[in-house]
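A.B. asks: turn this into a model:
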Amino acid sequence: MNSNETGIEGLVNTMSGSIPQTITTYKEQMLTTDMMRRVQRTLGLEKEFSAAMLKEMISVSNIKDTNLLSVVVTAKDSKLATDIANTLAAEFSDFVADMNSQRLSKSSSFLQEKVQEEKVNLANALEEYKIFLAQSPGTSEIQSEIGSKSSRLNILKEELDKLSTEFARETLGVENDIKLKNTEIDNIDELIRITDKFIIQRQSVIKDSTVSGIVQAFGQDSSELLDMKLESEVVNPNYINLHSQYNSVLVEMEVLQQEKSNIESTYVITRGLIESEIHLITKSLEELKVTYAEKNNQEKLITKMFKELNHHMISLYKVMKRQELLSLLILASQQYLLTQMLLLIISL
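C.D. replies: Below you'll find the model as predicted:
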């Protein structure tokens, strides 16, 4: 845009320099073949004087230290000289007016074209911005989603820390219980080892129902059997009780081992689910951040383009105002210069 603006400014600057440039070139322009032919046609001198002959009769010079021209026409007939000088001044005035009108018209057309061009650019930029805004999600939605997912990620990390702490606490508790049970098993095992499985039991023969029944069957006196003792080997009740305790503790041990296994399985599964969600959210956040950066950059570029286009439009309108003012100044200056030039016509 700067290059375009420079071109526009350059055009106006060129126009601004047209007054001094015209003053320096008036002399040559007044004596061109085309100008001589205009004077010929206006005065009907085509047969009497050629363009070259008319040119020889006219001299144009600058008045020192001024922007004025001195026009001298040398002719035998003073009236003819005056007519040629007046006609040349009038024709040249029309020529300058036409030339400047074309120049100003050209610059005005150029500025109008640039304005229309920038209007199209602005409309295209606006359409692009509408399309950008219509795209979902926008930067604000993406930023909101990034914040939501970041919060969820922090919660999951806290849950993971709590899960690890709880797992360590529960595992330690079960392991301590297992150690106690192992100690209890060792103690019971030691008691079983030192406890007799069988013991000798003594009792009076008469108390034995079988022997007592036989004696009675033969009609014998059972009193004779009172001093007789019967010995038998029986299982030690303490031994049986210790084995019962041992088996009971073993069952409790298995329950504790299963509880520990369940705790470990639950921990592994739960941790895996949390870590999986953390991985998905982390990946999603990375993608969202890339998308946000791209959209944010695109939004900045579009905003910058709008600002530049707006600035350019303002500059164009300012230049157009300057051009209009400059046109008036140029026309006013030319009219003044031509008036002064007419006052200095000398006829000989």
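A.B. asks: neighbours around His102, how many?
C.D. replies: Let me fix one detail, which is that residue 102 is Gln and not His. When neighbours are counted by other Cβ atoms under 10 Å, Gln102 registers 10. Bear in mind the C-beta positions are built from the backbone N, C-alpha and C, glycine included.
A.B. asks: my bad, Leu45
C.D. replies: There are 20 residues near Leu45, going by other Cβ under 10 Å.
A.B. asks: mind checking pLDDT for the nearest residue to Glu299 once chain neighbours are set aside?
C.D. replies: Closest residue to Glu299 apart from its sequence neighbours, by Cβ to Cβ, 6 or more residues apart in numbering: Thr139 at 5.9 Å. pLDDT for Thr139: 81.
A.B. asks: go on, Ala168?
C.D. replies: At Ala168, the pLDDT value in this model is 96.
A.B. asks: hmm, back to that, contact partners for the residue nearest to Glu299?
C.D. replies: Tyr292, Lys295, Asn296, Glu299 (Cβ atoms under 8 Å, 6 or more residues apart in numbering).
A.B. asks: also Tyr239?
C.D. replies: Counting by Cβ under 8 Å, 6+ apart, Tyr239 has contacts Ile192, Thr195, Asp196, Lys197.
A.B. asks: try it again with 6 Å
C.D. replies: Neighbouring residues of Tyr239 by Cβ atoms under 6 Å, 6 or more residues apart in numbering: Thr195, Lys197.
A.B. asks: begin at 14 from here
C.D. replies: Yes, from this point I'll number from 14; that puts the last item at Tyr252.
A.B. asks: what ranges does the chain have for its helices?
C.D. replies: Secondary structure of the chain (DSSP state H): helices at 15-29, 31-43, 46-56, 64-70, 91-147, 152-207, 222-230, 250-356.
A.B. asks: and the ones you listed as a markdown table, adding distance to Glu244?
C.D. replies: Listed next are the helices of the chain as a markdown table, based on distance: least, Cβ to Cβ, whole Å:
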| stretch | distance to Glu244 |
| --- | --- |
| helix 15-29 | 127 |
| helix 31-43 | 151 |
| helix 46-56 | 164 |
| helix 64-70 | 172 |
| helix 91-147 | 107 |
| helix 152-207 | 23 |
| helix 222-230 | 13 |
| helix 250-356 | 18 |
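A.B. asks: and those helices: which comes nearest Ile76?
C.D. replies: Comparing those by their distance to Ile76 (Cβ to Cβ), the top pick is helix 250-356, with 9.3 Å.
A.B. asks: where does the stretch 114-263 of the chain have low pLDDT?
C.D. replies: 117-118, 120-121, 123-124, 128, 131, 135, 138-139, 142-143, 145-149, 216-243 (pLDDT under 70).
A.B. asks: do that again at 50, thanks
C.D. replies: In the prediction, the stretch 114-263 of the chain carries no residues with pLDDT under 50.
A.B. asks: so what are the domain limits for this protein?
C.D. replies: The chain breaks down by automatic domain parsing into domains covering 15-149+333-360, 211-248.
A.B. asks: need the pLDDT of Glu288.
C.D. replies: Confidence at Glu288, expressed as pLDDT, is 95.
A.B. asks: tally of neighbours for it?
C.D. replies: 12.
A.B. asks: now Lys89
C.D. replies: For Lys89, the count of nearby residues is 7 (other Cβ under 10 Å).
A.B. asks: tell me how far it lies from Gly57.
C.D. replies: Counting by Cβ to Cβ, to the nearest Å, the gap from Lys89 to Gly57 is 18 Å.
A.B. asks: and what of Glu321?
C.D. replies: According to Cβ to Cβ, Glu321 stands 60 Å off from Gly57.
A.B. asks: more neighbours: the two, which one.
C.D. replies: Glu321 (14 against 8).
A.B. asks: relative to Ser328, how far out is that one?
C.D. replies: Taking Cβ to Cβ, one finds Glu321 at 10 Å from Ser328.
A.B. asks: any shared contact partners between the two?
C.D. replies: By Cβ under 6 Å, 6+ apart, no residue touches both Glu321 and Ser328.
A.B. asks: circling back to that earlier point, and which of the contacts of Thr152 is nearest Lys170?
C.D. replies: Out of the contacts of Thr152, the member with the shortest distance to Lys170 (by Cβ to Cβ) is Tyr305, at 22.0 Å.
A.B. asks: for the nearest residue to that closest one once chain neighbours are set aside, give me its contacts.
C.D. replies: Using Cβ to Cβ, 6+ apart and skipping the chain neighbours, the partner closest in space to Tyr305 is Ile155 (4.5 Å). Contacts for Ile155 were tallied using Cβ under 6 Å, 6+ apart; they are Leu301, Thr304, Tyr305.
A.B. asks: gap between Ile155 and Glu141?
C.D. replies: Ile155 is 19 Å from Glu141, by Cβ to Cβ.
A.B. asks: please apply the same query to Val268.
C.D. replies: Distance, Val268 to Glu141, by Cβ to Cβ: 71 Å.
A.B. asks: cool, Ile159 as well?
C.D. replies: Distance from Ile159 to Glu141, by Cβ to Cβ: 25 Å.
A.B. asks: check Thr152 too.
C.D. replies: Thr152 is 16 Å from Glu141, by Cβ to Cβ.
A.B. asks: find me the pLDDT at Ile327, would you?
C.D. replies: If you check Ile327, the pLDDT there is 76.
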